[in-house]
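> Any chance you could fold what I've pasted below:
(one chain, ligands or ions: 1)
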Amino acid sequence: MLGEAVIGAAQEVLPTMVDLRRRLHRHPELGLDLPYTQSQVLETIENLGLRIEVGKGLSSVIADLDTGRPGPTILLRGDMDALPMPEDTGLEFASEVENRMHACGHDAHTAMLAGAAHVLAGLRETLSGRIRFMFQPGEEGSGGAAIMVEQDALDGVDAAFALHVAPNVPDGIFGWKQGPALASADEFEIIVTGRGGHASTPHWAADPTPAAAEIVLALQAMVTRQIDVFDPAIVTVTMLQGGTVNNVIPEHVKLGGTIRAVSERTRHAVWENMRRTVDGVVAAHGLSAEVVIHQGYPVTVNNPEFARWAASVADTTFGLGHTYEMTSPLMGAEDFSYVLQKVPGAMFFLGACPPENPNPFDAPSCHSNRMMLHEGSMATGTALHVAVAVSYLNAGGDLNAPIG
Ligand code: NI
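Numbers count the residues shown, from 1 in each chain. Model prediction:
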């Protein structure tokens, strides 16, 4: 079952998805603890005959559709958490919780996954193998995916697929990419230490401020001179703090910022180069420095073969012209990366621009306080979830087998 049949089945569950999505949108929850969201998911997928397991210490849900017949296992993932920010969309179902908003579309991801569970449960008798639905909390910085992986979410899983909405891509169009699709994101802190003193007698002190300024510039030169432009990194110093009053040389100056890269090779090179650059600058001035790198999410790497295969599934389902291969990764980060480190798979982007926007590129993007998406696109996303799962099981997990 592909093509029109899948699209039609996804359309049929759209009202259920819109209803769930709006409930979640009204009551956004943050981080790893999403009791309301979890309860709404469990309510929506009860009576589908799924084997349900909830997480320990986090509000995750693993729901297995086991056909009882031998075959591969594919995992479909939807993240469920919101952001700590105000909502200014004016929507009738806007957030009712102050300073919380589903501004990254995870409410829609959750609804699409629940919708896919409904459609696939109806196809159970025609399938062989297992489909695992991974409802994940804590994508926005808490690393919920890594915790779920530790709690055996990938046991017996052969491949994994996820969708992320893109409100400034035309409605119903899928963006995809082979290899790196999203960046790693690490944070750093640098503390430059000298000796405090009177502003009038810097020679009796050891002033950390000029060295800190040199570090800001030296890090930019390091990136452009030492990192391959075709395997890029972004180092951004976003904080520079020191001193309390005009006539005092402080003992410390602190710098902070982020490092992004699209390969682990470049990511590690930046860590090493940053330490060497900072040590060199402070040594030149007779100061000392401490560099602390807080590792964030790794690079999200789509398995090239799986990504090409899933794009073919999309073409088979929707007809040509509904997919585009992205020429570059996005510099945002995503904890689905932890899943893709363990099993082959891909994350695709689903265009969800509201049709009233004449130019999608002007539409408020994810993480905007005015972000809105076209709810009809959820049926398109669910149709692809279903088509990927059905095709994978029908092929026995062989990506070279004919799609159908
Ligand atoms: Ni997101």
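> just checking, Asn247 touches Ala199?
Yes - Asn247 lies in contact with Ala199 (CB atoms under 8 Å); the separation is 4.4 Å. Every C-beta, even on glycine, is put in place using the N, C-alpha and C of the backbone.
> what about those two, which has more around it?
Ala199 (13 against 7; other CB atoms under 10 Å).
> Test my guess that that one contacts Gly243.
No - with contact defined as CB under 8 Å, Ala199 does not reach Gly243; the gap is 9.6 Å.
> anything in contact with each of the two?
Common neighbours of Ala199 and Gly243, using CB atoms under 8 Å, 6 or more residues apart in numbering, are Ile249.
> Just give me how far stretch 122-135 sits from the chain centre.
25 Å (CA atoms, centre = their mean, to the nearest Å).
> end to end, how far does that stretch reach?
20 Å (CA to CA, to the nearest Å).
> And stretch 363-376, by the same measure?
OK, stretch 363-376 end separation, CA to CA: 17 Å.
> Now find how far off-centre it is within its chain.
16 Å.
> List the buried residues of it.
Under the neighbour-count criterion of 16 or more other CB atoms under 10 Å, stretch 363-376 has 363-366, 368, 371-375 buried.
> quick one: the residue most central in space within the chain from Ile62, how far?
Per CA atoms, centre = their mean, the C-alpha nearest to the average position across the chain is that of Glu334, at 2.5 Å. Glu334 sits at a distance of 19 Å from Ile62 (criterion: CB to CB, to the nearest Å).
> Kindly report the same for Pro86.
33 Å.
> out of the two, which sits in the busier spot?
Ile62 (21 against 12).
> domain parsing for the protein?
4-181+299-394, 184-294 (automatic domain parsing).
> for the first one, how far is the first residue from the last?
In this case it means domain 4-181+299-394. End-to-end distance (CA to CA), domain 4-181+299-394: 18 Å.
> Show me how far it is from its chain's centre.
11 Å.
> what does the shortest one give?
For domain 184-294, the distance from its own C-alpha centre to the chain's C-alpha centre is 28 Å (CA atoms, centre = their mean).
> Report the rounded mean pLDDT for it.
Mean per-residue pLDDT for domain 184-294: 97.
> likewise stretch 109-121?
Stretch 109-121 comes out at a mean pLDDT of 98.
> Return the alpha-carbon coordinates of it using PDB.
Provided in PDB are the C-alpha atoms of stretch 109-121 (Å, rounded to 0.1, in the frame of the first residue of the first chain):
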ATOM      1  CA  HIS A 109       5.800  15.800  15.600                       C
ATOM      2  CA  THR A 110       4.000  14.000  18.400                       C
ATOM      3  CA  ALA A 111       0.700  14.200  16.600                       C
ATOM      4  CA  MET A 112       2.100  12.900  13.400                       C
ATOM      5  CA  LEU A 113       3.700   9.900  15.200                       C
ATOM      6  CA  ALA A 114       0.400   9.100  17.000                       C
ATOM      7  CA  GLY A 115      -1.400   9.400  13.600                       C
ATOM      8  CA  ALA A 116       1.100   7.000  12.000                       C
ATOM      9  CA  ALA A 117       0.400   4.600  14.900                       C
ATOM     10  CA  HIS A 118      -3.300   4.700  14.000                       C
ATOM     11  CA  VAL A 119      -2.800   4.100  10.300                       C
ATOM     12  CA  LEU A 120      -0.200   1.300  10.800                       C
ATOM     13  CA  ALA A 121      -2.200  -0.400  13.400                       C
END
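> Buried residues, it. List them.
109-121.
> try stretch 204-212
205-209, 211-212.
> could you point out which element follows the longest helix anywhere in the chain?
When the chain is parsed with DSSP state H, its longest helix is helix 264-284. As assigned by DSSP states H and E, the chain's next helix or strand after helix 264-284 is strand 288-294.
> in its sheet, what does the helix or strand hosting Tyr324 sit against?
Element membership of Tyr324, judged by DSSP H and E, is strand 323-325. With DSSP bridges as the test, strand 323-325 is paired with strand 174-176 (parallel).
> What segments of the stretch 51-200 of the chain are strands?
51-54, 61-66, 73-79, 130-136, 159-166, 174-176, 179-182, 184-193, 197-198 (DSSP state E, counting those that start in this stretch).
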